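Peer 1: Coordinates only, no sequence provided:
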């Protein structure tokens, strides 16, 4: 294998944009696999990391959604073989997937769904892991009325699909444009409300679980009167300001953070559940029970396409996921 | 029965202190029992309600922990008979128990433990319901390391006792004085730390569940580095200021409010669980598995004794519960 690979790196000399470069191949630890990246997807997390790159010199290569072929494995890896096709979100503390090769812990990796293209598969991991952990580990949701603020986004789209598999859950998604409204209904939302209008008149019955997938500050303020007692509110993106929590007291509401990278960063025991979840999602995708949330493929993984994706994300009009494909 | 009863009422003409007065007996609804109050206890909630009385003219009689004899029951009440001895925390939206008689929904009432005096029983309901709902309904705690900030207070004392019945839970209580430290250890805490000193050096191993029982703002800031990933923090008293929640994101921490009055206020279905919990606590008290957290009885229920209790609470040096007894 060559000693250098192509990668999209942060251009620290030039305004913290992105540029294509040749960099050394990553080191492969004993618990890692080395993957030749064939497709990738972008997430709001990439945008946030890029903004933090000025203060954090450890951030070099972005990208936390990938699909590719395992070309090497560490000595302690058992369940994954060279030649397997893998998909994963990886670990925010290591170099990302906007590169020709990436090293990733094998227990974070699932086997790619057979029926999907590489870029359709790459659209899934980060958002489906977030949605899965949120519904099944944070909410432990079995029944209730679920409100998803920002239903057409990456995580919102997965939440709708996964919640749809819970027969006693009513799914209410929010969207403000015709395209995103249709997207939510197609994925299985029972009802769509318009988050640009007052919420109370659109939610005559109180909700038991609510997810703040974007612009969380305002909705966190608006939600307490609309929630059932002992209800649960989860957030997946940072808040812009400090929050007054006292309005959540009278109904004994709970507030949960769901951050997919918590397991890779902090939890040696339990990290393997992310590979397990991805394998189950893979089966469901192959059985047609779920579909890829990819909405648009922007071409090969390179500085130009990643920059284009970041611009589209910043405009806030995307539905589902933007992906890249090298094949 | 007389048409008037003695009660401790808020003295709106005179600086919002307390005074003894004769007031009409409460009306007894079809789901209510009327109780002759024989003992009562005070809670920080009484202090907060008194402070809010300037803005809320509906608040008249304080007191939300009582023990007494049922002297009348509404037409729809089945499980409780005239002559039963009841104990309960009641409903914050109705007149309280610092009075000769109180009307309370029968489903919120438990039968008094036989081995306890009335004032020992009156020390229990509000705090034990808070602690029970917190451990079993909010945390669903079965195993882990539980940190109780303010272990010697009313709710802290109950949390220690109830958590002690979960064999796989390590209980770490905080206290800053010798008397409160001893109290926590006697009730069953495995270890006591000093909350007036830096926490990190006293907590070498991360905690899975933490309860903020007093002064929550500062401890909420201090906790994230000390918590296990996916840990749970609960709060039972209002925060003084808005809170920066972003430091809780990286470990996917959850924040829960536990407010015992949520069920009486908002939850027609589920309210009866408070009577059921109190009946179970009653059995455990009679079997010697728990003990009353009463620390001091201040005499009969009257303006002077309640005012004395409010002053002691404000000084913040109490352990366990302050009670009143008419017998």
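Peer 2: Looks like it came in fine. On a predicted model such as this, the values are computed, not experimentally measured, just so you know.
Peer 1: Please make it C-alpha for all contacts and neighbour counts, starting now.
Peer 2: Will do.
Peer 1: So residue A:161: helix, strand or coil?
Peer 2: Residue A:161 falls in the helix class when you classify it by DSSP: H, G, I helix; E, B strand; the rest coil.
Peer 1: okay, now it: neighbour count?
Peer 2: Applying other CA atoms under 10 Å in any protein chain shown, we find 24 residues neighbouring residue A:161.
Peer 1: which parts of chain A sit against chain B?
Peer 2: A:229-230, A:238-239, A:241-246, A:248-259, A:261-263, A:266-267 (CA under 8 Å from any CA of the partner chain).
Peer 1: Just the buried residues of those residues.
Peer 2: A:229-230, A:238-239, A:243-246, A:248-259, A:261-263 (16 or more other CA atoms under 10 Å in any protein chain shown).
Peer 1: check which helix or strand covers the closest residue in space to residue A:47 that isn't next to it in sequence.
Peer 2: Distances taken as CA to CA, 6 or more residues apart in numbering or on different chains put residue A:310 closest to residue A:47, at 6.6 Å, once the chain neighbours are dropped. For residue A:310, the element it lies in under DSSP states H and E is helix A:303-315.
Peer 1: quick one: average pLDDT of the next helix or strand after that helix?
Peer 2: Using DSSP H and E, the helix or strand that follows helix A:303-315 towards the C-terminus is strand A:321-325. Mean pLDDT, strand A:321-325: 96.
Peer 1: Strand partners (parallel or antiparallel) of strand A:321-325?
Peer 2: Paired with strand A:321-325 in the same sheet, following DSSP bridges, are strand A:32-41 (antiparallel), strand A:294-297 (parallel).
Peer 1: What lies in contact with the last one?
Peer 2: Under the contact criterion CA atoms under 8 Å, 6 or more residues apart in numbering or on different chains, strand A:294-297 has outside partners A:119-120, A:123-124, A:319-325.
Peer 1: Residue A:48 is in contact with the residue nearest to residue A:47, correct?
Peer 2: No - Residue A:310 lies out of contact with residue A:48 (CA atoms under 8 Å); the separation is 10.3 Å.
Peer 1: Neighbour count: those two, which is higher?
Peer 2: A direct count of neighbours by other CA under 10 Å for residue A:310 and residue A:48 places residue A:310 higher, at 18 against 12.
Peer 1: and stretch A:203-215, how far apart are its ends?
Peer 2: End-to-end distance of stretch A:203-215: 19 Å, with CA to CA, to the nearest Å as the criterion.
Peer 1: I should have written stretch A:160-180 there, sorry.
Peer 2: 13 Å.
Peer 1: quick one: buried residues of that stretch?
Peer 2: A:160-164, A:169-176, A:180.
Peer 1: What lies in contact with it?
Peer 2: Contacts for stretch A:160-180 (CA under 8 Å, 6+ apart): A:131-132, A:135, A:142-152, A:156, A:181, A:184, A:187-196, A:290, A:319.
Peer 1: same thing with stretch A:236-246?
Peer 2: A:211-217, A:221, A:257-259, B:238-239, B:241-246, B:249.
Peer 1: can we see that at 6 Å?
Peer 2: Contacts with stretch A:236-246, where a contact means CA atoms under 6 Å, 6 or more residues apart in numbering or on different chains, come from A:213, A:217, A:258, B:238, B:242-244, B:246.
Peer 1: same thing with stretch A:43-63?
Peer 2: In this structure, residues lying in contact with stretch A:43-63 by CA under 6 Å, 6+ apart are A:9-10, A:95-98.
Peer 1: What about these, which one has the most neighbours?
Peer 2: residue A:97 (32 neighbours).
Peer 1: now whichever residue of the stretch 51-200 of chain A sits closest to chain B, nearest residue through space, not along the chain?
Peer 2: Nearest residue of the stretch 51-200 of chain A to chain B, counting by CA to the nearest CA: residue A:138, 8.2 Å away. Spatial nearest neighbour of residue A:138, excluding adjacent residues (CA to CA, 6+ apart): residue A:256 at 7.0 Å.
Peer 1: do the same with residue A:277
Peer 2: Leaving aside its sequence neighbours, residue A:277 sits nearest to residue A:129 (CA to CA, 6+ apart; 7.1 Å).
Peer 1: how far away is the one you found from residue A:88?
Peer 2: Residue A:129 is 9 Å from residue A:88, where distance means CA to CA.
Peer 1: Now do the helices in the stretch 51-200 of chain A.
Peer 2: Counting by DSSP state H, counting those that start in this stretch, the stretch 51-200 of chain A has helices at residues A:118-122, A:125-132, A:154-163, A:178-187.
Peer 1: contacting residues around the second one?
Peer 2: It stands for helix A:125-132. A:65, A:88-89, A:154-155, A:158-159, A:260.
Peer 1: before we move on, back to that, quick one, which of the contacts of stretch A:160-180 are buried?
Peer 2: For these, a burial check counting by 16+ other CA under 10 Å picks out A:131-132, A:135, A:144-152, A:156, A:181, A:184, A:187-189, A:192-195, A:290, A:319.
Peer 1: for the longest helix along chain A, packing partners?
Peer 2: In chain A, taking DSSP state H as the definition, the longest helix is helix A:272-286. Applying 3 or more CA pairs under 6 Å, 6 or more residues apart in numbering or on different chains; DSSP states H and E, one finds that helix A:272-286 makes contact with strand A:110-111.
Peer 1: Please tell me how far the closest residue to residue A:66 other than its chain neighbours sits from residue A:260.
Peer 2: What sits nearest to residue A:66 in space, not counting adjacent residues and going by CA to CA, 6+ apart, is residue A:40, at 4.2 Å. Look at residue A:40 and residue A:260: by CA to CA, they are 17 Å apart.
Peer 1: between the two, which one's more packed in?
Peer 2: residue A:40 (34 against 27).
Peer 1: Which pLDDT value goes with the more buried one?
Peer 2: Looking at residue A:40, its pLDDT stands at 98.
Peer 1: surely it meets residue A:324?
Peer 2: Yes - with contact defined as CA atoms under 6 Å, residue A:40 reaches residue A:324; the gap is 5.2 Å.
Peer 1: For residue A:102, grab the count of nearby residues.
Peer 2: Residue A:102: 27 neighbours (other CA under 10 Å).
Peer 1: again with residue A:138
Peer 2: Neighbour tally, residue A:138, other CA under 10 Å: 21.
Peer 1: same thing with residue A:205?
Peer 2: Counted with other CA under 10 Å, residue A:205 comes out at 12.
Peer 1: Could you pull up the residues touching residue A:104?
Peer 2: Contacts of residue A:104 (CA under 6 Å, 6+ apart): A:32-33.
Peer 1: in the helix or strand of chain A with the lowest mean pLDDT, what's buried?
Peer 2: One helix or strand of chain A scores below all others by mean pLDDT, DSSP states H and E: helix A:44-52, with a mean of 91. Neighbour counts over helix A:44-52 (16+ other CA under 10 Å) mark A:46-47, A:49-50 as buried.
Peer 1: cool, and stretch A:311-325?
Peer 2: For stretch A:311-325, by 16+ other CA under 10 Å, it's A:313, A:318-325.
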